[in-house]
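J.: I'd like to go over a predicted model; first the sequence, then the structure.
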Amino acid sequence: MELIFEISKPGRSAADVPASDVPAINIENAIGKKYLRGDLDLPEVAEIDLIRHYTNLSRRNFGVDLGFYPLGSCTMKYNPKVNENVAVLPGFTGLHPYADDEFAQGNLQLIYEMQKCLSNIFGMAEFTLQPAAGAHGELTGVMMIKKYFEKKGQKRRVILIPDAAHGTNPASGALCGFDTVELRSNSEGGVDIEHLQSLMTDDVAALMLTNPNTLGLFERNIEKVAQIVHGRGGLLYGDGANANAFLGKTRPGDLGFDVIQLNLHKTFSTPHGGGGPGSGPVGVGKALIDFLPVPRIIKKDSGYDWSEDHPKNRDGETSYLPIPHINLKDSTYAWSSDFPDSIGRVRSFYGNFNVIVKAYTYIRSLGAEGLKRATEMAVLNANYIKEKLKPYFDLPYDRICMHECVFSGNRQVAQSGVHTSDIAKRLIDYGYHPPTIYFPLIVHEAIMIEPTETESKETLDTFCGAMIAIAKEAKENPDGVKNAPLTTPVSRLDEVLAARKPDVCWKKS
Ligand SMILES: *Cc1c(COP(=O)(O)O)cnc(C)c1O
């Protein structure tokens, strides 16, 4: 396919603007030549070429609206369209972020209610919706942990991170100046309690734990883990990226977590991938409330104070259209930065508001029972896949999983030199987005499958059929699998070269 620059022809345009009705000036004299549009290599195309170009591009993309997308740890669930219908309401899209509180009451109420919903669902005292993604939420959480110990006058330098953790966990710890120390998993795929006991000193600020962890396994000793960390004055951080596994079943606050981040774009069905916006709310227990980012939303119970002006018209008659005025002081919801121990702002404005609206819509349309049912179906679907594929792929931790299951391609490597990456590429030929591969790092040749609750039994069956067919191909025709994908516009790309020496510039030939 050609680049849009390559179909460009001088003088073509997709825009038709009326003739200017202001006097022309010499722009070169006014602002200097380097800013002239004509000097930029911008494509010039007619509307039909523009539409065809991007429509064709979109047809080469893959999304959850197109097919099964079992990308482990990413929760690529279907995003109900009602979320979009609500998020485009003009009151949500049209409000200026600097509008005074009195003109933003509806939107502030939504933010406030979303915080309350999340606090209830996760058993935390309070939430902030400011962070823009999960990793950003982690950073926010660790900044609060740091401030908590500063305030206590304790110098703790270490954060413990299990060997199964997502890479953003040690990154968040390191960004805040902590030393990160790896905590081993036991043979069951849980925290090695003895190792935790030996590492947990007065120098440890926190343990960052994902539960269920990235093996898709629930931490059976979670209460013991919390007790050990708290026993030495440390805090328990929860990476909530896997929250789709326990909605309505258990609450991190009740399990002993002091702070957690969520990924609304995963658990609460707002579209993600492709660099789209995310939202990474952070929930805290009582110990960390004072350190939450500002501004925080506060609810005043005095209610609206409406007064009405009744302007008179030219004839001295009172207008029948009174102008309402809401008294700001008594407005129900307001932003406040009056929290002296806060870590400050972590993002401009108030987070990715539009994503929050979608996630709020999802929560309100499913309700408490619906969320619980979603979790039950997500766990059932993952276990169904696990059991169906178990005879064909190695399963390093063979126990009931939560919302995702992790296989290993070791058997295929030993049999015929077919690697997990080959299996993933071959799945593309069968019409599926590949699962997450080579993560978590503690599983060799990892294949991490997360089906989510929104997929039917038929979809799971045909996907498992494809995986089983590939396992057979790997035995009988390994070269075919090693050359996959065979049905795509390009086959194997040099991923290392693409990452090390990205060529993102178009050069005029
Ligand atoms: C996705 C994920 C993150 C990071 O979240 P982003 O929203 O992508 O920044 C952190 N931890 C785990 C376990 C994840 O799956």
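T.: Yep, that arrived.

J.: all contacts plus neighbour counts: C-alpha atoms, from now on.
T.: Fine.

J.: Contacts only, for residue 107.
T.: 91, 92 (CA atoms under 8 Å, 6 or more residues apart in numbering).

J.: can you pull out the strands in the stretch 301-450 of the chain?
T.: 306-309, 323-326, 333-336, 405-408, 436-437, 446-449 (DSSP state E, counting those that start in this stretch).

J.: Ok, the chain next?
T.: 126-128, 158-162, 179-183, 204-210, 235-239, 259-261, 282-284, 296-299, 306-309, 323-326, 333-336, 405-408, 436-437, 446-449 (DSSP state E).

J.: can the last one be found next to the ligand?
T.: No. Between strand 446-449 and the ligand, judged by CA under 6 Å from any ligand atom, nothing touches; the nearest distance is 11.3 Å.

J.: which other helices and strands contact the lengthiest helix in the chain?
T.: Counting residues, the longest helix found in the chain (DSSP state H) is helix 353-389. Judged by 3 or more CA pairs under 8 Å, 6 or more residues apart in numbering; DSSP states H and E, helix 353-389 is in contact with helix 81-87, helix 105-122, helix 264-267, strand 405-408, helix 457-476.

J.: Compare the ones you listed and give me the one nearest residue 67.
T.: With distances scored as CA to CA, the stretch of the helices and strands packed on helix 353-389 nearest to residue 67 is helix 457-476 (9.2 Å).

J.: What helices and strands are in contact with that closest one?
T.: Using 3+ CA pairs under 8 Å, 6+ apart: helix 457-476 touches helix 353-389, helix 410-416, helix 420-429, helix 478-482.

J.: what pLDDT, on average, does the third one get?
T.: If I follow you right, that is helix 420-429. Across helix 420-429, pLDDT averages out at 98.

J.: Which other helices and strands does that helix contact?
T.: Counting by 3+ CA pairs under 8 Å, 6+ apart, helix 420-429 packs on strand 436-437, helix 457-476, helix 478-482.

J.: Point out the most buried one among these.
T.: strand 436-437 (a mean of 22; mean count of other CA atoms under 10 Å).

J.: That one near the ligand at all?
T.: No. Strand 436-437 does not reach the ligand (CA under 6 Å from any ligand atom); its nearest approach is 10.3 Å.

J.: Likewise for stretch 218-237?
T.: No. Stretch 218-237 lies apart from the ligand when judged by CA under 6 Å from any ligand atom; the minimum separation is 11.8 Å.

J.: So what would you say the end-to-end distance of that stretch is?
T.: One end of stretch 218-237 sits 16 Å from the other (CA to CA, to the nearest Å).

J.: now stretch 335-344
T.: 14 Å.

J.: Pull the residues that contact that stretch.
T.: With CA under 8 Å, 6+ apart as the criterion, stretch 335-344 contacts 101, 143-144, 147, 290-298.

J.: Point out where the protein drops to low pLDDT.
T.: By pLDDT under 70, the low-scoring segments of the chain are 33-38, 275, 301-315, 318-331, 506, 508-509.

J.: Quickly list the domain ranges of it.
T.: Listed by automatic domain parsing, the domain ranges of the chain are 1-61, 81-301+323-370, 373-500.

J.: Go through these and name the closest to residue 72.
T.: It is, among the domains of the chain and with distance given as CA to CA, domain 373-500, at 4.4 Å.

J.: Can you name the residues of the stretch 1-150 of the chain that neighbour the ligand?
T.: So the stretch 1-150 of the chain meets the ligand at 73, 74, 133, 134, 135 (CA under 6 Å from any ligand atom).

J.: If any of those residues are buried, put those into a PyMOL selection.
T.: This is how PyMOL selects the buried members of these, with burial counted by 16 or more other CA atoms under 10 Å:
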select buried, resi 73+74+133+134+135
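
J.: of all the residues of the stretch 1-150 of the chain next to the ligand, which two lie farthest apart?
T.: Among these, 73 and 133 lie farthest apart (CA to CA), at 14.2 Å.

J.: would JSON lines of the helices and strands packed on helix 353-389 with distance to residue 49 be doable?
T.: Formatted as JSON lines, these follow (distance: least, CA to CA, whole Å):
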{"stretch": "helix 81-87", "distance to residue 49": "28"}
{"stretch": "helix 105-122", "distance to residue 49": "40"}
{"stretch": "helix 264-267", "distance to residue 49": "33"}
{"stretch": "strand 405-408", "distance to residue 49": "45"}
{"stretch": "helix 457-476", "distance to residue 49": "36"}
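
J.: Of these, give the one that comes closest to residue 17.
T.: Per CA to CA, nearest to residue 17 of the helices and strands packed on helix 353-389: helix 81-87, 30.3 Å.
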